[in-house]
Each structure stands twice: as C-alpha cells, then as structure tokens.
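In: Need coordinates for the below:
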Amino acid sequence: MIMQIREGSGIHVGIIMDGNGRWATRQGLSRVAGHRAGVAAVRRTVESAPELGVRVLTVYAFSEDNWARPSQEVESIFWIIRAFLRLEGERLRKAGVRLEVIGRRDRIPRALLREIQHAEEATAMERTLHLRIAIDYSARSSIADAATAALQHAEGFTAERMRAIITQTLTAQSGDVDLLIRTGGEKRLSDYLLWESAYAELFFTDRMWPEFDRSDLAAAVNEFRRRERRFGAVPAPVPSQLPVAI
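Out: Take a look at the predicted model:
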C-alpha cells in the first residue's frame, strides 16, 4: 500500500541499479533475463518508497556509456523499458506516481519515445511520488548542457550566476539528491547525478539489483537518517547539562 505524503516533504533518493547481468549469470540465465528481473525490483521499490519517506526517486536505467554494449542487449533493454511503461503506466497513475524521463531523447527508438510521452502526460498531475527514470543519461553531458544554456544569459555574467543557473536547471523539479544508493557491490558513481549529489549520503550494498526489496531500501533510508548532515559546517554544540535548581 502506497501512503500519501505531503507534497514537498520526504527525501530524494537516487539509485544506480547495478548487478542485473551478474545476477543472471549466477543463475545460469541470459543477461536479458537479468534486466527483466530488475523490473520487478523497480516495482517493489516504487511501491515501498513513499511509506519510507521518499518524495523523489531517480533510477539509472540506461547510461550514455551503455551504447557500447552488444546491440542485441541494448535493443532488449529498450524493449523492457517500453513494456514497463506500457504495462505499469496506469498502475503508477492510480498509485499517485508522477513519471518523468531524464536524459537524451534524440537517440532512443521512436516507439519507446511515444511510450515515454504518453506515460509522462498521463501521470503529470500525480503527487505521491516523483519517479524519474534516467535513459541515455550522462551527468557530465547534463551539466555541459545546463552550462551552455546558462551562457545565453551572458549579460552581467559571473561564476556565481553560472552556478545558480546550472543548479536551477538540474534541480528545479527534483531538488538535490539526499541519498544515493548503488547495488551490486561496486563503489563508484558512474557519471550519475554528479551535480545533484554534491552533498548526498552514499550507500553501497552487495545486493544485486534483482534481489533488492523493501527491506534493503528501508536499511538504506534508516542509515541515512542516522547520519549527521553538516553540509560543510561545524556540528552544532550539544547544550550543556545545567544543575537543576531545588
């Protein structure tokens, strides 16, 4: 059951969904079967996120570098994403999930692009959870594009103005990432949400993405809430205990 949360409350969680292929290999399955199993993990995560206090969920489905994979695997990934959007779109809408795709759109198949546009339009007014799917995405490219757009406002331009425009461009709808999770045991960011994650808490787990479930997300969120976030400042002093007057 997805719980309604107040718009604007909750945290932004980014997830690098790593380990589909390795999980499938260990099971004696094809890598494509691993990507299919990963869809079930996405569904579980979306269902669990709002009740755990997640307001925005950004998942890494296909990176700009993933074009280097075999063409058959790339085509299969796009087919799986398209099937997810087609089959889950109405379910997302009924659950109050707003769907948005980030990344380039000029290189993905037209059939997938149509499905993306339909799902985005159908869920545009939902407010329980903002689900962002990164497809053909590169953080460096996104930052470069935002900087290029900022240069159009060159009059009275300063470094501070550049920073403000890039931040506005990349975070206006989603806000900064609070918690960045990577599954699969690797410990790197892989060109994902670099600007938005400047002060994100990082959580790495050995769990392969197809195995990821509510308990794993809860563990990551609970760890996040235990950490002290200072954003470069000195921790606030703990008030001293004064003697109680008798």
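In: how many neighbours does Gly21 have?
Out: Here the count is done by other C-beta atoms under 10 Å, and Gly21 has 21 residues near it. C-beta coordinates here come from the backbone N, C-alpha and C atoms, glycine included.
In: surely it meets Arg31?
Out: Yes: in this structure, Gly21 sits in contact with Arg31. The criterion is C-beta atoms under 8 Å, and the distance is 4.2 Å.
In: show me what contacts Ser174?
Out: With contacts defined as C-beta atoms under 8 Å, 6 or more residues apart in numbering, the neighbours of Ser174 are His12, Val56, Thr58, His130, Arg132, Glu196.
In: go again using 7 Å as the cut-off
Out: Taking C-beta atoms under 7 Å, 6 or more residues apart in numbering, we find Ser174 in contact with His12, Val56, Thr58, His130, Arg132.
In: Same question for Glu126.
Out: With contacts defined as C-beta under 7 Å, 6+ apart, Glu126 is in contact with Arg93, Gly96, Val97, Arg98.
In: List buried residues within those.
Out: When those are checked for burial by 16 or more other C-beta atoms under 10 Å, the buried set is Arg93, Gly96, Val97, Arg98.
In: can you list those residues in CSV and add secondary structure and distance to Ala139?
Out: Formatted as CSV, the buried ones among the contacts of Glu126 follow (DSSP: H, G, I helix; E, B strand; the rest coil; distance: C-beta to C-beta, whole Å):
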residue, secondary structure, distance to Ala139
Arg93, helix, 29
Gly96, coil, 28
Val97, strand, 24
Arg98, strand, 22
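In: Closest one to Thr45 out of those residues, please.
Out: Of all the buried ones among the contacts of Glu126, Val97 has the smallest distance to Thr45: 11.4 Å, by C-beta to C-beta.
In: Mind pulling the model confidence for the residue lying closest to Phe224 once chain neighbours are set aside?
Out: Using C-beta to C-beta, 6 or more residues apart in numbering and skipping the chain neighbours, the partner closest in space to Phe224 is Leu179 (4.5 Å). The predicted structure scores Leu179 at 98 on the pLDDT scale.
In: what's next to the lowest-mean-pLDDT helix or strand in the chain, contact-wise?
Out: Ranked by mean pLDDT, DSSP states H and E, the weakest helix or strand in the chain is helix 159-171, scoring a mean of 90. When contacts are defined by C-beta under 7 Å, 6+ apart, helix 159-171 is touched by residues Ser142, Ile143, Ala146, Ala147, Ala149, Ala150, His153, Trp195, Glu196.
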